[in-house]
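Student: Pasting a predicted model and its sequence here:
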Amino acid sequence: MATQIVRTGGSVTVEIPEELLHRANLSVGDPVEWTLTPTGSLALRSPRESDMTEVENGYAEWAQADVEAGLADIEAGRTVSGEAVANWLRSWGTEHELPPPV
C-alpha cells in the first residue's frame, strides 16, 4: 500500500502504511513530521524526537550550501522572472505546456 493523501474540505488526511510507521518507530495515530533530507527525499519522524538524527545534522549544512549557491546565481545574473515561472506553471496540464524558463 502506498502513502495516500486525501483532502476533505479544509482538512488533509495522510494514510501511511503500517510498515513505514514501524520503520520510523511510530504507532498508528502518532503525530508525524516529514523531514527533507540532504538528498532531497522525505523522511518520516516523530515531532517528539528531541535528539538530532544524522539526517537532521546534515540538513543545516546542505540548506546553507543551497542558499549560497542561489545567491551566487543571483549575483551572476542567472535569474528567471516570477512572471515567467508563473506562466510556465499555469501551462502545466494543458495542451500547450511551456518548457521550463531559463
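Tutor: Everything's here; your move. Numbers count the residues shown, from 1 in each chain.

Student: Any idea how many residues pack against residue 89?
Tutor: Neighbourhood size, residue 89 [other Cβ atoms under 10 Å]: 12. (Glycine included, C-beta is placed from N, CA and C.)

Student: does it sit in a helix, a strand or a coil?
Tutor: Of the three states, residue 89 takes helix under DSSP: H, G, I helix; E, B strand; the rest coil.

Student: Residue 67 versus that one, what's the distance?
Tutor: From residue 89 across to residue 67, the span is 22 Å (Cβ to Cβ, to the nearest Å).

Student: Just give me the longest helix of the chain.
Tutor: Ranked by residue count under DSSP state H, the longest helix found in the chain is helix 54-75.

Student: CA atoms only for it, dumped as CSV, please.
Tutor: Backbone C-alpha positions of helix 54-75 (Å, rounded to 0.1, in the frame of the first residue of the first chain) are rendered in CSV as follows:
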residue,chain,number,x,y,z
GLU,A,54,22.1,12.0,11.3
VAL,A,55,19.8,13.3,8.6
GLU,A,56,18.9,16.5,10.5
ASN,A,57,22.6,17.1,11.3
GLY,A,58,23.4,17.3,7.6
TYR,A,59,20.3,19.3,6.7
ALA,A,60,21.5,22.7,8.0
GLU,A,61,24.8,22.4,6.1
TRP,A,62,23.0,21.3,2.9
ALA,A,63,20.4,24.1,3.2
GLN,A,64,23.2,26.7,3.8
ALA,A,65,25.1,25.5,0.7
ASP,A,66,21.9,25.6,-1.4
VAL,A,67,21.2,29.2,-0.2
GLU,A,68,24.8,30.2,-1.0
ALA,A,69,24.5,28.7,-4.5
GLY,A,70,21.3,30.6,-5.1
LEU,A,71,22.8,33.9,-4.0
ALA,A,72,25.8,33.3,-6.3
ASP,A,73,23.4,32.7,-9.2
ILE,A,74,21.6,36.0,-8.4
GLU,A,75,24.9,37.9,-8.2
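
Student: Once you drop chain neighbours, what's closest to the most centrally placed residue in the chain?
Tutor: The chain has residue 36 as the residue nearest its centroid, 5.7 Å off, counting by Cα atoms, centre = their mean. In space, and not counting its chain neighbours, residue 36 is closest to residue 42: 6.4 Å by Cβ to Cβ, 6 or more residues apart in numbering.
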